[in-house]
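K.L.:
Pasting a predicted model and its sequence here:
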Amino acid sequence: MADLSTSIAGVKLPNLFFNASGVCCQHEEELKTLLDSESGSLITKSATYEKRLGNPSPRYVPLPGLGSINSMGLPNEGYEYYLEYAKKYDYTHEKPLFISLSGLCLEDNVKMVEAFVTADLPCILEVNFSCPNVPGKPQLGYDLEAMENALNVLAPLIKKPFGIKLPPYFDIAHFDAAAAIFNKFDNLSFVTCINSVGNGLAIDFETETALIKPKDGFGGLGGTMVLHTALANVNAFYRRLPNKKVIGVGGVTSGKEAFLHVLAGASAVQIGTQLKEEGPQMFSRIKKELEDIMIAKGYKSLDDFRGKVKTL
Ligand code: HRO
């Protein structure tokens, strides 16, 4: 038997898999399908202070064999909806609840965090520093000074263990600089790598037209085409954040990519594009595939191979 259980922010997950924030998690009915699935946990759509309708459609398009492009523009019900959901959540359930927050400014993040802290719930906060799709709002994760400032304000407010969702970094100097900041915050317990690769452009060859409408066709890339960028980010932060955990996300379509994420250092694995395309029944397939790989390789638990990628 292979044991897929793990822990994040001091909380046990029955298995390492859950949705990437944004997929299947805007409304209660979608969250219910995750609860009813074999996922090990669930996370809500990134919340802003006010409800948002998001960008005009088409705003998500699958790119067969490659992944997807999206410019959803943070459609969500507003943080109070997710706070109410978190208040009603049955915490005796074996799946812990993650809540994603993505304020459009630091003040909004502060107000949302304060509301969750006041409610004193056992849910785990993942603060999104990396939405690439709100016109006029750069990704916080690419402004290291602003990100440190945000952490200086938010970490003491949150007090308990929390995580942040990061954009992909592409330079060793940026891995070093970002990790040096994260290591200053003891209750920053995990980083989730990676958000979509921001501002790609997909064009239809026949019609010579951008595939999505917002931002002249520019949107975040996800799925298979970002796997290797995701693995690099997971491993770079796994190496640099010895007292924190990494949640891997990007390019997981089967047990094989999930195995590679854990080998790179992931303690849990979120799935976006493949979940969107296949639906929550995917979790039972991918669990079985990872179990079969572990049994074939003689690994009994994730600890047996986490972070143990060999280098030449
Ligand atoms: O809603 C979005 O457009 C979106 C968000 Cl918030 C995010 O963090 N990542 C992404 O690819 N899309």
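P.N.:
Yes, it's here.
K.L.:
near the ligand, which residues of the stretch 1-150 of the chain?
P.N.:
Residues of the stretch 1-150 of the chain that fall close to the ligand, judged by Cβ under 6 Å from any ligand atom: 22, 46, 70-74, 102, 128, 130-133. Heads up, the C-betas are built off the backbone N, CA and C, glycines and all.
K.L.:
please redo it, this time with the cut-off set to 5 Å
P.N.:
Residues of the stretch 1-150 of the chain lying close to the ligand by Cβ under 5 Å from any ligand atom are 46, 72, 74, 131, 133.
K.L.:
farthest-separated two in these?
P.N.:
46 and 133 (10.6 Å; Cβ to Cβ).
K.L.:
anything in contact with each of these two?
P.N.:
residue 74 (Cβ atoms under 8 Å, 6 or more residues apart in numbering).
K.L.:
helix/strand/coil for residue 220?
P.N.:
strand (DSSP: H, G, I helix; E, B strand; the rest coil).
K.L.:
Without its sequence neighbours, what residue ends up closest to it?
P.N.:
Nearest non-adjacent residue to residue 220, counting by Cβ to Cβ, 6 or more residues apart in numbering: residue 196, 2.7 Å away.
K.L.:
isn't that neighbour right up against residue 128?
P.N.:
No: taking contacts as Cβ atoms under 8 Å, residue 196 lies outside contact range of residue 128: 11.4 Å.
K.L.:
the more surrounded of the two?
P.N.:
Per other Cβ atoms under 10 Å, whichever of residue 196 and residue 128 has more neighbours is residue 196, with 30 against 27.
K.L.:
How about the backbone phi and psi for the nearest residue to residue 6 once chain neighbours are set aside?
P.N.:
Leaving aside its chain neighbours, residue 6 sits nearest to residue 16 (4.6 Å; criterion: Cβ to Cβ, 6+ apart). Torsion angles at residue 16 (phi, psi; degrees, to the nearest 10) stand at phi -80, psi -10.
K.L.:
ok, now which ones touch residue 16?
P.N.:
If you count contacts by Cβ under 8 Å, 6+ apart, residue 16 has them with 4-6, 40, 258, 262, 266-269, 302.
K.L.:
how close does residue 145 sit to residue 273?
P.N.:
32 Å (Cβ to Cβ, to the nearest Å).
K.L.:
err, residue 306, not the other one
P.N.:
24 Å.
K.L.:
between these two, who's got more neighbours?
P.N.:
Shown here are residue 306 and residue 273; by other Cβ under 10 Å, residue 273 has more neighbours (28 against 21).
K.L.:
any chance you could map the helices in the stretch 201-312 of the chain?
P.N.:
227-240, 255-264, 273-278, 282-297 (DSSP state H, counting those that start in this stretch).
K.L.:
Residue 154: which of these is closest?
P.N.:
Nearest of the helices of the stretch 201-312 of the chain (Cβ to Cβ): helix 227-240, 18.6 Å.
K.L.:
Please identify the buried residues of the closest one?
P.N.:
Buried residues in helix 227-240, counting neighbours by 16 or more other Cβ atoms under 10 Å, are found at 227, 229-238, 240.
K.L.:
got a list of contacts for it?
P.N.:
By Cβ under 8 Å, 6+ apart, helix 227-240 touches 166, 168-170, 172, 175-176, 178-179, 182-183, 191, 193-194, 197, 244, 246, 248-252, 257, 260-261, 264-266, 307, 309.
K.L.:
same check, this time on stretch 205-216
P.N.:
So stretch 205-216 is contacted by 55-61, 63, 69-71, 73, 133, 135, 199, 201-204, 217, 219 (Cβ under 8 Å, 6+ apart).
K.L.:
Cheers, nothing more for now.
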